[in-house]
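Peer 1: predicted model and sequence follow; I will ask about them next.
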Amino acid sequence: MFDIGWSELLLIGVVALIVIGPEDLPKLFHTLGRITARARSMAREFSSAMEDAAKASGLDDAAKTLKDVNSLTSKRGLGLDALERATERFEKWDPLNPKEEARRTSPLPDPSAPLPPAGTGTGETGMVAAEPPGAPSEGRRRLHAVRRSDREQD
């Protein structure tokens, strides 16, 4: 508050002891403490009166509404943080090197999964090519969706 150090307080105490005297110094400190306590209570009372007046006039509700509007217009509230991340990814994208981008973003194959049989159409990426509809399956079972209405008729 006053930015007074210990050495300055000691100097003020020594000067007060010399000027006022050792008999009257405790009375002076007691009086100063009472004045300080009264000033603090008056400040507290004034502050609470101002807060009550603000609540009565509706200023408190207006301040809350303003805070809500500020939170709605934040970057995160508007979704601009996601837009910035997408912009950064787009700026790093290299259209001349799509394989590198695909290699960085593609999921890694499961090393414990069995390898597909030879001749099933695995390409450079190691992924199995999709079979055209109606193609014979070589010992593999083909799954298909069954509608509820088909199950109820059986």
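Peer 2: On my side now, so go ahead.
Peer 1: what about Ile35, how many neighbours?
Peer 2: 10 (other CB atoms under 10 Å). Quick note: C-beta positions are derived from backbone N, CA and C, even for glycine.
Peer 1: which SSE is immediately downstream of the helix or strand containing it?
Peer 2: For Ile35, the host element (DSSP states H and E) is helix 25-57. Following helix 25-57 in sequence order, the next helix or strand is helix 59-72 (DSSP H and E).
Peer 1: report the angle between that following helix and helix 25-57.
Peer 2: Per axes from the mean of the first three to the mean of the last three CA atoms, to 10 degrees, the angle that helix 59-72 makes with helix 25-57 is 80 degrees.
Peer 1: now for helix 59-72, which elements pack on it?
Peer 2: Judged by 3 or more CB pairs under 8 Å, 6 or more residues apart in numbering; DSSP states H and E, helix 59-72 is in contact with helix 25-57.
Peer 1: pLDDT averaged over the helix it packs on - what is it?
Peer 2: Over the span of helix 25-57, the pLDDT mean works out to 91.
Peer 1: what comes into contact with stretch 45-61?
Peer 2: If you take CB atoms under 8 Å, 6 or more residues apart in numbering as the criterion, stretch 45-61 is touched by Ala63.
Peer 1: buried residues in it, which are they?
Peer 2: Residues of stretch 45-61 include none that count as buried (16 or more other CB atoms under 10 Å).
Peer 1: output that stretch as CSV - backbone C-alpha positions only.
Peer 2: C-alpha atoms of stretch 45-61 as CSV (Å, rounded to 0.1, in the frame of the first residue of the first chain):
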residue,chain,number,x,y,z
GLU,A,45,-20.2,0.2,4.9
PHE,A,46,-19.8,2.5,1.9
SER,A,47,-18.9,-0.5,-0.3
SER,A,48,-21.9,-2.5,0.8
ALA,A,49,-24.2,0.5,0.3
MET,A,50,-23.0,0.9,-3.3
GLU,A,51,-23.5,-2.8,-4.0
ASP,A,52,-27.0,-2.6,-2.7
ALA,A,53,-27.7,0.4,-4.8
ALA,A,54,-26.4,-1.4,-7.9
LYS,A,55,-28.6,-4.4,-7.2
ALA,A,56,-31.7,-2.2,-6.7
SER,A,57,-31.1,-0.3,-9.9
GLY,A,58,-30.6,-3.5,-12.0
LEU,A,59,-27.0,-2.6,-12.8
ASP,A,60,-25.9,-5.9,-11.4
ASP,A,61,-28.1,-7.9,-13.8
